[in-house]
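1. Would you be able to build a 3D model of this:
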Amino acid sequence: MTGAELRAARRTLGERWGLGRPLHMSEMGRALQLEGRDPGATVRDWETRNRVSGPVAVSLAFMLGGDPITSRLSEIVDPRTSVAKND
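-> Numbers count the residues shown, from 1 in each chain. Model prediction:
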């Protein structure tokens, strides 16, 4: 996920949640349950550095109503296995 995609997610979520504006960076940080005195600082850093971690990208995809897992299933599941196993 890029910084631009994160900004778009803040805009979309703000609209969906009835705010009529993008989520502030601090609001996005709190929504992602980031800790610390300023959760928005991490969001600002992600947008500035143009890089968001995988777990955050997955969380945002779910928040936006998508399913990032099944769309990438061929990358996740070993094609040599035909029966589900518990690891």
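2. So which residue is smack in the middle of the protein?
-> Leu60 (2.5 Å; CA atoms, centre = their mean).
3. what's that one in contact with, if anything?
-> Shown in contact with Leu60 (CB atoms under 8 Å, 6 or more residues apart in numbering): 1, 6, 9, 32, 52. Every C-beta, even on glycine, is put in place using the N, C-alpha and C of the backbone.
4. Would you point out the most distant pair within those?
-> Taking CB to CB as the measure, the contacts of Leu60 span a maximum distance of 12.2 Å, between Met1 and Leu32.
5. Pick out whichever of those two has more residues nearby.
-> Met1 (19 against 15; other CB atoms under 10 Å).
6. The more buried one: what's it in contact with?
-> In this structure, Met1 makes contact with 52, 56-57, 60, judged by CB under 8 Å, 6+ apart.
7. picking up where we left off before, what about the residue nearest to the centre of the chain, distance to Leu13?
-> The gap separating Leu60 from Leu13 is 8 Å, by CB to CB, to the nearest Å.
8. Could you point out the longest helix of this structure?
-> When the chain is parsed with DSSP state H, its longest helix is helix 3-16.
9. Flag every buried residue along that helix.
-> For helix 3-16, burial by neighbour count (16 or more other CB atoms under 10 Å) applies to 3, 6-7, 9-10, 12-14.
10. Quick check: Arg44 vs Asn50, distance?
-> Arg44 sits 12 Å away from Asn50, going by CB to CB.
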